[in-house]
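In: generate a structure from the sequence data that follows.
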Amino acid sequence: ESLSPTARHFNTLISAFRKLEERNIETESEGGARRVAMDLYERMVHPSSTVSPDKYTITNMLELAQKSSEVCDRLLYSFRTADNNAQDVRETVFEPAVLRAAMTAFGRVGDVASAVWIFDAALRTETDVRNTRMYNALLAAMAHQCYEKTPSSTTDDDPQYRHYLSNGEDTSPLNIKTCTAAQCLLEHLTASSSLNNAKSIAMVLHKKKRSDAALALLDEMTDRGPRPNEQSFCLVAAAMQDDTTVDNARSLYARALKQGAFAGDGRLINSILRCYGGEIMPALNMWKSTMRRNCLTSKRVQQDLTAGYHGLLYVSGRALRPELALRIVYAMNKEGLDVNETALNCYRAGKKKMINGAGRRLRLGMSQFESVLEVECTKFDDKRRKDSTRIRIYY
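Out: Predicted structure coming up:
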């Protein structure tokens, strides 16, 4: 006797193919894992189907969306599902898991304005969304880096992609009123009043740059919303990385400590240091005078110190100063910290960011220091290098 498929069966398969797509694992199916997941979803929403998508289906499909209109399509189906089953729309669309997934998806495709709009719409319902986890999801959407290259759909039906910059940074103001979500979902939500309410989150963040919007949302959490935690400040710092100053980075760290964040949290320190951009000397001074001492008070001294040093390596990469990165690695060795390829990758990530963003010329002699840095950060007992010639020079 054959069993009839249920939503759980479809969700398991969709989730599996979604993970294959995320890991870039090739499949024998034509169109790849994403196409298979889409086919399964289309089979569920077909009029003749006896199985309807649930909130788990929608969250899985939101993670496969590649542009704003696709995110809205998934949410619009939520409304149709709610109407067909005579349920309250809010129970389906403003389910916390679905709302967080929607904001994350909007952030991933670069449409932060739509993430703000739908969060503001949720605040105007009876749904309990005023909590730290939900605010952090919106901050994560703001902090999410845009694609390095403009997607192929730029000239199609999705105008939100037009503000992408070639280096992956987005410093354009958020246009909440004309975002994709507002255009697609306005008739389904009672959010029109929020566009005329000067005190709503949507209007507070309207026309603000991403970094300013993140700070404004942090103010909202402090004044009216839930208490921000260490993750909140890390996400704000991440959103500020491309458009901030040394003074703003210092003030954000001081504000985090004032509001109860743990001073020696390595994740927070790493995020704050990355806000220094290419200002490596002020970052080193801040590390030596305050941050390192705070890390030494932590219960996880090794992990927090390592995270702080990785932040410094990233800044040295943005400053194109491999000689300072080498000195930082030597300091890590002196403190007994594990130096591996992660440290090297932090330097390379900062260097790539600077070269892509400013087209800055490389300084003479950098390659020699970088070669030594690569040797210092390479684990020669790795099985991947068992056949490599091992020569090490001590000086």
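In: which SSE is His222 in?
Out: His isn't right for residue 222; it's Thr. helix 210-223 (DSSP states H and E).
In: just want the most central residue of the chain.
Out: To find the centre residue of the chain, average its C-alpha atoms and take the closest one (Cα atoms, centre = their mean): that gives His144, at 3.1 Å.
In: surely that residue and Phe106 touch.
Out: No - under the contact definition of Cβ atoms under 8 Å, His144 does not touch Phe106, with a separation of 9.1 Å. The way it works is simple: take the backbone N, C-alpha and C, and place the C-beta from them, glycine included.
In: now for the two: what residues contact both?
Out: Contact with both His144 and Phe106 is made by residues Val112, according to Cβ atoms under 8 Å, 6 or more residues apart in numbering.
In: returning to that earlier point: counting by contacts, list what the helix holding Thr222 packs against.
Out: Packing partners of helix 210-223 (3 or more Cβ pairs under 8 Å, 6 or more residues apart in numbering; DSSP states H and E): helix 112-123, helix 132-143, helix 201-205, helix 230-240.
In: redo that, cut-off 6 Å
Out: When contacts are defined as 3 or more Cβ pairs under 6 Å, 6 or more residues apart in numbering; DSSP states H and E, helix 210-223 packs onto helix 132-143, helix 201-205, helix 230-240.
In: what's the closest of these to Leu123?
Out: With respect to Leu123, and counting by Cβ to Cβ, the nearest of the helices and strands packed on helix 210-223 is helix 201-205 at 6.6 Å.
In: enumerate the positions of that closest one that are buried.
Out: Of the residues in helix 201-205, Ile201, Ala202, Met203, Val204, Leu205 count as buried by neighbour count, 16 or more other Cβ atoms under 10 Å.
In: OK, contacts around Ala102?
Out: Contact partners of Ala102, counting by Cβ atoms under 6 Å, 6 or more residues apart in numbering, are Leu62, Ile118.
In: separation between it and Gly264?
Out: Using Cβ to Cβ, to the nearest Å, we find Ala102 at a distance of 35 Å from Gly264.
In: Ala283 now?
Out: If you go by Cβ to Cβ, the gap between Ala283 and Gly264 works out to 17 Å.
In: more neighbours, these two?
Out: Ala283 (27 against 21; other Cβ atoms under 10 Å).
In: look up how far Ala237 lies from Arg227.
Out: 17 Å.
In: between those two, which is the more surrounded one?
Out: With other Cβ under 10 Å as the criterion, Arg227 and Ala237 differ in neighbour count, and Ala237 comes out ahead with 27 against 10.
In: give me every residue that touches that one.
Out: The contact partners of Ala237, taken as Cβ under 6 Å, 6+ apart, are Ser271, Ile272, Cys275.
In: pLDDT score for the first one?
Out: Predicted confidence (pLDDT) at Ser271: the value is 94.
In: for Ser15, which non-adjacent residue is closest in space?
Out: Distance criterion Cβ to Cβ, 6 or more residues apart in numbering; nearest residue to Ser15, sequence neighbours excluded, is Asn60 at 5.3 Å.
In: sorry, back to before: could the helices and strands packed on helix 210-223 be laid out in JSON lines, adding distance to Leu185 and mean pLDDT?
Out: Written out in JSON lines, the entries for the helices and strands packed on helix 210-223 read as follows (distance: least, Cβ to Cβ, whole Å; pLDDT from 0 to 100):
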{"stretch": "helix 132-143", "distance to Leu185": "16", "mean pLDDT": "92"}
{"stretch": "helix 201-205", "distance to Leu185": "13", "mean pLDDT": "84"}
{"stretch": "helix 230-240", "distance to Leu185": "24", "mean pLDDT": "92"}
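In: quick revisit: so which of the contacts of Ala237 is the closest to Leu174?
Out: When those are compared for distance to Leu174 (Cβ to Cβ), Cys275 comes out closest, at 19.9 Å.
In: not counting sequence-adjacent ones, nearest residue to the closest one?
Out: Ala249 (3.8 Å).
In: what does the helix or strand harbouring that neighbour rub up against?
Out: Using DSSP H and E, Ala249 sits in helix 246-258. Residues external to helix 246-258 that are found in contact with it (Cβ under 6 Å, 6+ apart): Phe233, Ala263, Ile272, Cys275, Tyr276, Glu279, Pro282.
In: could I get those residues as TSV with neighbour count, secondary structure and distance to Lys353?
Out: Formatted as TSV, the entries for these read as follows, by neighbours: other Cβ atoms under 10 Å; DSSP: H, G, I helix; E, B strand; the rest coil; distance: Cβ to Cβ, whole Å:
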residue	neighbour count	secondary structure	distance to Lys353
Phe233	24	helix	21
Ala263	16	coil	27
Ile272	27	helix	17
Cys275	27	coil	13
Tyr276	26	coil	12
Glu279	17	coil	14
Pro282	15	helix	18
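In: those: which two are farthest apart?
Out: Between any two of the contacts of helix 246-258, the greatest separation by Cβ to Cβ is 21.4 Å, found for Ala263 and Glu279.
In: quick one: contacts for Ala239?
Out: Applying Cβ under 6 Å, 6+ apart, one finds that Ala239 lies in contact with Met142, Ala143, Arg210, Ser211, Ala214.
In: from the contacts of helix 246-258, which is closest to Arg321?
Out: In terms of Cβ to Cβ, no member of the contacts of helix 246-258 lies closer to Arg321 than Glu279, at 10.9 Å.
In: distance of the closest one from Ala319?
Out: Computed with Cβ to Cβ, the distance linking Glu279 and Ala319 is 7 Å.
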